[in-house]
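Participant: for reference, the sequence and a predicted model appear below.
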Amino acid sequence: MTDPAAAPAPPGAPRLLGLDTALYLVTDSAMCRAAGRSVAQTVALAVEGGAGLVQVRDKHAGEAEFDELARSVVAAVEQTRDRLGIDHEIPVFLDDRVASARRLLDEGLRVHVHVGQDDEPVERVRTAIGPEPLLGLSASNEQEFAAGEAAGGVNLFGVGPVWATQTKDVARAALGPERIRELAAAARLPIVAIGGIGAGNAAELAGSGAIGVCVVSAICAAPDPRAAAQRIRAAFAETPHLDDPAHLDEPSDPPAPHPAGGTP
Ligand SMILES: Cc1ncc(COP(=O)(O)OP(=O)(O)O)c(N)n1
Ligand SMILES: Cc1nc(C(=O)O)sc1CCOP(=O)(O)O
Ligand SMILES: [Mg+2]
């Protein structure tokens, strides 16, 4: 669970209460395959190592293949939780795949969705998935925060790239940890940081206000994903806690005006 001794929870956090947000694994099927493991095996090891959020991201899988991949990840997470006696949910987000999320929700699986600025608009995603699933939105500046907050129905922002990454072509310049700190203070929803994060630099994001670090290659391509997850999690030890409901807005509340550059 997140560290109750750390900084107060950011606004908009109640929907995330009780989750362990410090380490967010985003999967890459090709990297897992190249390392000699399935995505589900990699996810199980990362959860053992402390990943508390998981995202299934595969830009190449066809629809049926992606559905099956997502089912395998949900099953791996549930089996690992049972085996380790983890009593809080470990949410499984689907990257971009709103129709897949709808199908899996209709099967009774608990899945969530992450979309970016160029994906289906969050209002449509929320309508498609209903009120219960979490909805993450990529946003890398104050304007994108404001638009995502005004849309309603978004639960958290994915903010990046913090550092250069080989995993994806990102046209934007690296933000760096100081800008992450500023953005975390400006956002009215919790943020997770993504891009170029590994055991060697995750400590630079500790105390930044981000509720977690998202990691692709440093876990999916690692020889030992469990140990990699443990190391990254330990480096990012100091996280804002989500157990104090005081002063929190509901994510669906109309957004309050943005403060002029200060923490709400
Ligand atoms: C947690 C998180 N943050 C950001 C992203 C990037 O999403 P997007 O901008 O839509 O790019 P793709 O991942 O779809 O290439 C993410 N996936 N997760
Ligand atoms: C999927 C993704 N989104 C990013 C963003 O900046 O929005 S960076 C990224 C890839 C992150 O991979 P790695 O942990 O291997 O650097
Ligand atoms: Mg996307």
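Facilitator: Received the coordinates, thanks. Ligands and ions are numbered 1, 2, ... in the order given.

Participant: drop to CA atoms for contacts and neighbour counts, all remaining ones
Facilitator: OK.

Participant: ok, stretch 113-127 near ligand 1 or not?
Facilitator: Yes. Residues of stretch 113-127 contacting ligand 1 under Cα under 6 Å from any ligand atom: 115-117.

Participant: got the residues of the stretch 1-150 of the chain near ligand 1?
Facilitator: By Cα under 6 Å from any ligand atom, the residues of the stretch 1-150 of the chain that approach ligand 1 are 95-96, 115-117, 138.

Participant: farthest pair within those?
Facilitator: Asp95 and Gln117 (12.3 Å; Cα to Cα).

Participant: more neighbours: the two, which one.
Facilitator: Between Asp95 and Gln117, Asp95 has the larger neighbour count (other Cα atoms under 10 Å), namely 23 against 13.

Participant: what segments of the protein are strands?
Facilitator: Applying DSSP state E to the chain gives strands spanning 23-26, 53-56, 92-95, 112-115, 135-138, 156-159, 191-194, 212-215.

Participant: in this structure, which helix is the longest?
Facilitator: As assigned by DSSP state H, the longest helix anywhere in the chain is helix 63-84.

Participant: report the backbone C-alpha coordinates of it in PDB.
Facilitator: Coordinates of each C-alpha in helix 63-84 appear next as PDB, following Å, rounded to 0.1, in the frame of the first residue of the first chain:
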ATOM      1  CA  GLU A  63      -8.900  -7.600 -31.600                       C
ATOM      2  CA  ALA A  64      -9.500 -11.200 -30.600                       C
ATOM      3  CA  GLU A  65      -5.800 -11.600 -29.800                       C
ATOM      4  CA  PHE A  66      -5.800  -8.500 -27.700                       C
ATOM      5  CA  ASP A  67      -9.000  -9.700 -25.800                       C
ATOM      6  CA  GLU A  68      -7.200 -13.000 -25.100                       C
ATOM      7  CA  LEU A  69      -4.100 -11.200 -24.000                       C
ATOM      8  CA  ALA A  70      -6.100  -9.000 -21.600                       C
ATOM      9  CA  ARG A  71      -7.900 -12.100 -20.200                       C
ATOM     10  CA  SER A  72      -4.600 -13.800 -19.600                       C
ATOM     11  CA  VAL A  73      -3.300 -10.700 -17.700                       C
ATOM     12  CA  VAL A  74      -6.400 -10.400 -15.600                       C
ATOM     13  CA  ALA A  75      -6.100 -14.100 -14.700                       C
ATOM     14  CA  ALA A  76      -2.400 -13.700 -13.900                       C
ATOM     15  CA  VAL A  77      -3.100 -10.800 -11.600                       C
ATOM     16  CA  GLU A  78      -6.000 -12.500  -9.800                       C
ATOM     17  CA  GLN A  79      -3.900 -15.700  -9.300                       C
ATOM     18  CA  THR A  80      -1.000 -13.800  -8.000                       C
ATOM     19  CA  ARG A  81      -3.200 -11.800  -5.600                       C
ATOM     20  CA  ASP A  82      -4.700 -15.000  -4.300                       C
ATOM     21  CA  ARG A  83      -1.300 -16.700  -3.900                       C
ATOM     22  CA  LEU A  84       0.200 -13.700  -2.100                       C
END
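
Participant: just to revisit the earlier point, got CSV for the strands of the chain, with distance to Gln41 too?
Facilitator: Formatted as CSV, those follow (distance: least, Cα to Cα, whole Å):
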stretch, distance to Gln41
strand 23-26, 13
strand 53-56, 13
strand 92-95, 15
strand 112-115, 20
strand 135-138, 24
strand 156-159, 25
strand 191-194, 22
strand 212-215, 16
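
Participant: make a markdown table from these and add distance to Pro177 and mean pLDDT to it.
Facilitator: Output for those, formatted as a markdown table (distance: least, Cα to Cα, whole Å; pLDDT from 0 to 100):
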| stretch | distance to Pro177 | mean pLDDT |
| --- | --- | --- |
| strand 23-26 | 16 | 98 |
| strand 53-56 | 21 | 99 |
| strand 92-95 | 24 | 98 |
| strand 112-115 | 22 | 98 |
| strand 135-138 | 17 | 98 |
| strand 156-159 | 11 | 98 |
| strand 191-194 | 9 | 98 |
| strand 212-215 | 12 | 98 |
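
Participant: which residue is the nearest non-sequential neighbour of Val216?
Facilitator: Sequence neighbours aside, Val26 is the residue nearest to Val216 in space, at 5.0 Å (criterion: Cα to Cα, 6 or more residues apart in numbering).
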